[in-house]
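>>> turn this into a structure:
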Amino acid sequence: MTVFYQLAVTIALALAVCAGAVHYFRTVRAARPPVGVFNGRDIFVIMGFVLALPYVYLALPGGVLPAVLALVFAGGLSVGYRPVIGDGRLRWALIAVLIAGVFAAHLAFGELAAPYWIANSCVVGLVVVSATNLNVQGGMRLRNVAWFLLALTLYDAFFAWVVPLTEELSEAVQGYPFAPAAGLRIGDDLGAVVGMGDLLAYALFTTTAYKAYGKAGLRTGIALVLLFGAVAPVVTLHVVGVVTGHVPAVMPAQVFFGPAAFIGYLLLRRRGPERRMAEIVFGRERLGAPRQAPARTAQAPARTAQAPAAAEPGPAAEVTVAR
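Here you go, the predicted model:
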């Protein structure tokens with residue numbers, strides 16, 4: 001019963017953030033920061049941030065950690081959904097309602113209750129969707145994501161099995177609201193939790209694959225997320241429990257998903273170069289639309305001196321604007 005429950009919750013969460021991120025990508029134009037093009041140096045910077053963040057969390061006093069996480073969530077929601085809700089006062093009012101809802105659910109029902117995890121998962125999912133699009137629409141390409149996930153595989157394996165930093169962070173946030181994870185717990189018997197970083201990895205790969213290769217990339221991303229992001233970690237967790245008689249406290253999902261995503265990138269790039277943001281028409285793009293060469297601008301024929309300006313004008317210049 002437990003394995004099916006965990007599979008259902010994990011699959012639902014993974015699909016939800018991927019669908020939300022792709023829908024946001026198709027319908028909302030996020031403000032693009034002037035950071036230029038992503039390259040290998042940017043990946044090292046991101047990995048440095050990922051490495052340092054858990055230590056910052058663990059260094060904070062217990063009562064301060066949830067306040068910091070609440071501010072991080074609020075900031076991510078404000079930046080990511082500014083194009084959706086332009087009125088700053090309305091946007092911050094809605095964010096305050098979401099944050100207060102998580103806190104109120106934790107106070108009223110506790111950290112093991114379904115209402116708290118539903119409220120917290122909604123906030124985490126919205127943050128993942130916004131963070132994904134800020135990166136993807138900001139210039140991150142599938143190649144960058146693939147290498148980043150491969151590096152994240154080594155990071156997760158090391159800090160789960162060699163230095164138990166992931167387990168320590170999980171224990172540090174227990175008992176407090178605003179856990180950096182999504183899931184659903186029902187008492188002490190049933191529980192399924194997916195880390196915020198894992199959800200971000202799934203949404204990043206699926207959205208960049210869609211941006212790069214359209215419908216083929218979307219299918220590849222969803223298949224890899226389901227098989228190696230959701231099913232493989234949950235099944236392996238229970239198989240290890242049956243074989244050893246001890247269920248591990250943490251099963252790093254990126255150990256399965258990272259290498260699979262990198263192989264998926266290698267297969268997709270055989271289709272040709274990745275599409276760029278300038279080649280995508282927001283709000284009108286068709287899934288899997290083939291890449292078209294930009295139309296050449298046709299110049300109107302010069303008028304003769306004898307022809308009056310208003311008589312039989314030449315054809316209007318045909319201009320294609322790449323957005």
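>>> wait, what's in contact with the closest residue to Gln254 other than its chain neighbours?
Nearest residue to Gln254 in three dimensions, chain neighbours excluded: Asp156, at 4.3 Å (CB to CB, 6 or more residues apart in numbering). Where you see a C-beta, it was placed from the backbone N, CA and C, and this is true even at glycine. Asp156 is in contact with Thr166, Pro252, Ala253, Gln254, Val255, Gly258, counting by CB atoms under 8 Å, 6 or more residues apart in numbering.
>>> for the residues you listed, which one is nearest Gly229?
Nearest to Gly229 among the contacts of Asp156 is Ala253, at 5.9 Å by CB to CB.
>>> got the phi and psi for the closest one?
Phi and psi for Ala253, reported as degrees, to the nearest 10, are phi -70, psi -30.
>>> surely it is in contact with Thr236?
No: applying CB atoms under 8 Å, one finds Ala253 not in contact with Thr236, separated by 9.6 Å.
>>> may I ask which helix or strand of the chain has the lowest mean pLDDT?
Lowest on mean pLDDT, DSSP states H and E among the helices and strands of the chain sits helix 40-59, with a mean of 63.
>>> returning to what we had before: between Ala253 and Thr236, who's got more neighbours?
Taking other CB atoms under 10 Å, Ala253 and Thr236 do not tie; Ala253 has more neighbours (28 against 15).
>>> not counting its neighbours along the chain, what's nearest that one?
Pro233 (4.3 Å).
>>> surely the one you found is within a helix?
Yes: according to DSSP: H, G, I helix; E, B strand; the rest coil, Pro233 belongs to a helix.
>>> thinking again about what came up before, using CSV, lay out the contacts of Asp156 together with secondary structure and pLDDT.
Below are the contacts of Asp156 laid out as CSV (DSSP: H, G, I helix; E, B strand; the rest coil; pLDDT from 0 to 100):
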residue, secondary structure, pLDDT
Thr166, helix, 74
Pro252, coil, 88
Ala253, coil, 91
Gln254, helix, 93
Val255, helix, 93
Gly258, helix, 95
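>>> would you turn those residues into JSON lines with distance to Phe228?
Formatted as JSON lines, the contacts of Asp156 follow (distance: CB to CB, whole Å):
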{"residue": "Thr166", "distance to Phe228": "19"}
{"residue": "Pro252", "distance to Phe228": "12"}
{"residue": "Ala253", "distance to Phe228": "8"}
{"residue": "Gln254", "distance to Phe228": "9"}
{"residue": "Val255", "distance to Phe228": "9"}
{"residue": "Gly258", "distance to Phe228": "9"}
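>>> any chance of a PyMOL selection covering the buried ones in these?
Buried subset of the contacts of Asp156, written as a PyMOL selection, criterion 16 or more other CB atoms under 10 Å:
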select buried, resi 166+252+253+254+255+258
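>>> Leu7: which of the contacts of Asp156 is nearest?
Using CB to CB, Ala253 is the member of the contacts of Asp156 that lies nearest Leu7, at 12.8 Å.
>>> separation between the closest one and Gly272?
Distance check for Ala253 against Gly272: by CB to CB, to the nearest Å, it reads 30 Å.
>>> which positions in whichever strand or helix holds Arg26 come out as buried?
Per DSSP states H and E, Arg26 falls inside helix 2-27. By 16+ other CB under 10 Å, the buried positions in helix 2-27 come out as 5-7, 9-11, 13-18, 20-22, 24-26.
>>> repeat that for stretch 176-189.
Taking 16+ other CB under 10 Å as the criterion, stretch 176-189 shows Tyr176, Pro177, Phe178, Ala179, Pro180, Ala181, Ala182, Gly183, Leu184, Arg185 as buried.
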